[in-house]
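S.K.: the sequence and its predicted three-dimensional model are supplied below.
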Amino acid sequence: MTQLDGAAVPGQVTPGPVAPAGPPPAQPPAPPAQPPAQPSVGSPEYAAYAPTAPGFPSQAPPPPGAAPVGPYDPVPGAPYGAPDAGQAYNPGGYAYPQQPGYAYPGAPVAPVAPKQRNPVMLWGGIIGGVLAISIVAALVVLLKDPKPAPAPGPDPISTGTTDNGGTSSGPTPGPAPKGAAFNVAWSAPKPANADSSNQMLGVWGTDKLAVRVDSSGIRAFNLTDGKEAWTIAAPAGSKELCTASYGANSKGVAAVSFNTGDSDCSTVGAVDLAQGKLLWSAKVSADRMSSPTLSVTENVVAVGGNTVAALNIANGQPAWQYQPRDKDCVLRGKAAGVQIAVSDRCYGTSGPKSQLVIVNAETGKPASTPITLAGNIEEVDSVVQDKPLVLLMTNGPQGDYVLPFDKDNKPGTQMSVKEPGADSLRLSGQDEALTRNVVSGTTLYVQVGGGKPGINAYDLNTGKRLWSANSGSTSNDMRLVAGTDKDGKVRAIVDQGYNKPARLVTLSPTDGSMSDLGTMAMPSSMGIGSSTSEYLISDDGAAVYAFRRYSASDGPLTKWKK
């Protein structure tokens, strides 16, 4: 086993060389000067966009005309839509439910809270639990406050979560918002040679650092002043980073995958966040993987894709590899914290053609009774929440659905993502960079577009809609924030119109009514649209962070404090 730059990993047998890189991938077009308005639920723009971010100076953009490569590219020639392709919707969400037990050295002890996060990232900072944080706006101006802004300090951040389906909306905003004014503490400058075509892949955190992962590398910022602490560029032998783990473990180790050429992202590496160092890199299998999902436990880096396996976190040596139940089976695995959800499609004569099984990430052994899948292309699409497990299943013409599990991995009631009179809900998974949904307890909160952008709440026990809340205006956006507060409540940002401060609110789990947390000034040229930033809040609620989807013009990260 060797590092991507050719150096041997200590104490290991050196394998053959990494496959030579193929032609450089084409980059998507540069982002518009202003993010587009929230698209309607049914539009293609709403259904799929790839979150991007500026590159690091170390990676030059490839020439135009090359074949597209990235974490959402399918495997050419793979059966029924590429078993390891990216999300069916690719809404670009980096919000994932929290993984309990992740922490970082020196972090204060805190109780495990019922916080969840949807697609992308996890911030460490507690022993025995995960801190939830929400990031708030794009580039913002300093809020006016008669009192001086408090001195910036370290705020550990973590990413890291009525009626019976009627269509009536929840309460509208009402009077002017109340609460604290959040002032800008700092804004990290954009990289010298920023390239806005790079995709933001993930966000990690410790009690001292905020870490942003994009396709060109990894950058860490000090929480106190926003200064860059360290950078890890895409190493020699790779073209770019493909995917990032949802979070890090209690020792501050996270994981990424690398494109070594020809869209092959089967090489995985472990990253020490405290040292800012790539510990090792290793090839998971001989099969090409275009977009593997990753999760990190105390002992392994779990890998889900058309190969399902785990690597020893200490040295990258193989820990186990999942064996299909038939020689003619195609696997599709999605890493889900300490588990991996695996669906297959088998062409032999023994047993059902397709099954879903939950696998223990530490051992590779089944952790559930296999579930027979009836549809011709029915398979796991993404992990909406990892504990308890909530999956998004794709089923082609038969309709996609949400499948929740209890603590014993017994499946619950299927919830269709198709709503009467509307298009399908667009859900984000843990392997995405921007949040579109959050799970708290047995309630699924989903950001929706359409005539009035807002947030819907659904009971996972019944699949019924509980309520729908919106900004009260067709022109004002409403943005779901990643994670939950200490009481398990979700947060949102509500646009108040041109050149007016946005509202930071919590939503009542009962009826969606809004309680103000504070105001945040927004620049006249920028809204709070879902494609702009990933929003997180510190565990104590005193600091707000915004990880920019595009940092080439506005910088990669901004912090506000009360």
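M.R.: Sure thing, it's come through.
S.K.: what about the strands in the stretch 301-450 of the chain?
M.R.: Taking DSSP state E, counting those that start in this stretch to define them, one finds strands in the stretch 301-450 of the chain at 309-312, 318-321, 329-336, 339-346, 354-360, 371-373, 379-386, 389-394, 401-404, 415-416, 437-440, 443-448.
S.K.: how many residues are close by Q275?
M.R.: A count of nearby residues for Q275, using other Cβ atoms under 10 Å, gives 10. Glycine gets a C-beta too; all of them are placed from N, C-alpha and C.
S.K.: dump the residue contacts of I493.
M.R.: V136, A137, M478, R479, V481, A502, R503, L504, V505, M520, I528, Y535 (Cβ atoms under 8 Å, 6 or more residues apart in numbering).
S.K.: which one of the residues you listed is nearest to P404?
M.R.: For the contacts of I493, the closest approach to P404 (Cβ to Cβ) belongs to V481, at 22.0 Å.
S.K.: how far off strand 443-448 does whichever strand or helix holds that closest one point, in degrees?
M.R.: Taking DSSP states H and E as the criterion, the element that holds V481 is strand 478-484. With axes from the mean of the first three to the mean of the last three Cα atoms, to 10 degrees as the basis, strand 478-484 and strand 443-448 are set at 150 degrees to each other.
S.K.: which residues of the chain score low on pLDDT?
M.R.: Scanning the chain with the threshold set as pLDDT under 70 gives 1-177, 193-194, 350, 523-527, 529-531, 553.
S.K.: ok, 50 please
M.R.: 2, 5-6, 8-154, 158-175 (pLDDT under 50).
S.K.: one step back: now, the contacts of I493 that are in strands?
M.R.: Among the contacts of I493, the members found in strands (DSSP state E) are M478, R479, V481, A502, R503, L504, V505, M520, Y535.
S.K.: buried stuff in stretch 490-500?
M.R.: Buried residues in stretch 490-500, counted by 16 or more other Cβ atoms under 10 Å: V490, R491, A492, I493, V494, D495, Q496.
S.K.: need these in TSV (columns: secondary structure and distance to V446).
M.R.: Formatted as TSV, the buried residues of stretch 490-500 follow (DSSP: H, G, I helix; E, B strand; the rest coil; distance: Cβ to Cβ, whole Å):
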residue	secondary structure	distance to V446
V490	strand	10
R491	strand	15
A492	strand	12
I493	strand	16
V494	strand	16
D495	coil	18
Q496	coil	22
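S.K.: ok, of those, which one's closest to K562?
M.R.: When those are compared for distance to K562 (Cβ to Cβ), R491 comes out closest, at 14.7 Å.
S.K.: tell me the bridge partners for that closest one.
M.R.: T506 (DSSP bridges).
S.K.: go ahead and confirm it touches R503.
M.R.: No. Applying Cβ atoms under 8 Å as the test, R491 and R503 come out as separate, 10.6 Å apart.
S.K.: quick one: the contacts of I493 as JSON lines, columns for distance to R332 and neighbour count too.
M.R.: Formatted as JSON lines, the contacts of I493 follow (distance: Cβ to Cβ, whole Å; neighbours: other Cβ atoms under 10 Å):
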{"residue": "V136", "distance to R332": "35", "neighbour count": "29"}
{"residue": "A137", "distance to R332": "36", "neighbour count": "28"}
{"residue": "M478", "distance to R332": "33", "neighbour count": "29"}
{"residue": "R479", "distance to R332": "31", "neighbour count": "29"}
{"residue": "V481", "distance to R332": "30", "neighbour count": "30"}
{"residue": "A502", "distance to R332": "39", "neighbour count": "27"}
{"residue": "R503", "distance to R332": "41", "neighbour count": "24"}
{"residue": "L504", "distance to R332": "38", "neighbour count": "28"}
{"residue": "V505", "distance to R332": "38", "neighbour count": "24"}
{"residue": "M520", "distance to R332": "40", "neighbour count": "26"}
{"residue": "I528", "distance to R332": "34", "neighbour count": "27"}
{"residue": "Y535", "distance to R332": "31", "neighbour count": "30"}
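S.K.: sorry, back to before: looking at the strands of the stretch 301-450 of the chain, which is buried most?
M.R.: strand 437-440 (a mean of 30; mean count of other Cβ atoms under 10 Å).
S.K.: show me what it packs onto, helices and strands only.
M.R.: The contact analysis (3 or more Cβ pairs under 8 Å, 6 or more residues apart in numbering; DSSP states H and E) places strand 437-440 against strand 379-386, strand 443-448, strand 478-484.
S.K.: mind redoing it with 10 Å?
M.R.: If contacts are counted by 3 or more Cβ pairs under 10 Å, 6 or more residues apart in numbering; DSSP states H and E, strand 437-440 sits against strand 94-95, strand 379-386, strand 389-394, strand 401-404, strand 443-448, strand 454-459, strand 478-484, strand 490-494.
S.K.: and of those, who's closest to S551?
M.R.: Here strand 94-95 is closest among the helices and strands packed on strand 437-440 (Cβ to Cβ), at 14.4 Å.
S.K.: residue boundaries of the helices in this protein?
M.R.: Secondary structure of the chain (DSSP state H): helices at 44-47.
S.K.: rewinding a little: got the strands of the stretch 301-450 of the chain as a markdown table, with distance to G276 columns?
M.R.: Below are these laid out as a markdown table (distance: least, Cβ to Cβ, whole Å):
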| stretch | distance to G276 |
| --- | --- |
| strand 309-312 | 21 |
| strand 318-321 | 25 |
| strand 329-336 | 24 |
| strand 339-346 | 28 |
| strand 354-360 | 31 |
| strand 371-373 | 42 |
| strand 379-386 | 27 |
| strand 389-394 | 32 |
| strand 401-404 | 38 |
| strand 415-416 | 42 |
| strand 437-440 | 30 |
| strand 443-448 | 33 |
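S.K.: with adjacent residues omitted, what lies nearest to D477?
M.R.: D495 (4.4 Å; Cβ to Cβ, 6 or more residues apart in numbering).
S.K.: can you map out the strands along the stretch 151-300 of the chain?
M.R.: Under DSSP E, counting those that start in this stretch, the stretch 151-300 of the chain gives strands at 180-181, 183-187, 200-205, 209-214, 217-222, 228-233, 240-244, 253-259, 267-272, 277-283, 293-296, 300-304.
S.K.: most neighbours per residue, which of the ones you listed?
M.R.: strand 200-205 (a mean of 31).
S.K.: give the pairing partners of it; include direction for each.
M.R.: Applying DSSP bridges, one finds strand 200-205 paired with strand 120-123 (parallel), strand 209-214 (antiparallel).
S.K.: dump that strand to PDB, restricted to CA.
M.R.: The C-alpha trace of strand 200-205 is given here as PDB (Å, rounded to 0.1, in the frame of the first residue of the first chain):
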ATOM      1  CA  MET A 200     -18.100  21.400  -2.300                       C
ATOM      2  CA  LEU A 201     -18.100  17.800  -1.000                       C
ATOM      3  CA  GLY A 202     -18.300  18.100   2.800                       C
ATOM      4  CA  VAL A 203     -17.900  20.000   6.000                       C
ATOM      5  CA  TRP A 204     -16.100  18.700   9.100                       C
ATOM      6  CA  GLY A 205     -15.400  20.400  12.400                       C
END
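S.K.: what angle separates that strand from strand 217-222?
M.R.: 30 degrees.
S.K.: circling back: same list (the helices and strands packed on strand 437-440) but as TSV, adding distance to A188.
M.R.: As requested, those are exported to TSV (distance: least, Cβ to Cβ, whole Å):
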stretch	distance to A188
strand 94-95	18
strand 379-386	29
strand 389-394	33
strand 401-404	36
strand 443-448	26
strand 454-459	29
strand 478-484	19
strand 490-494	20
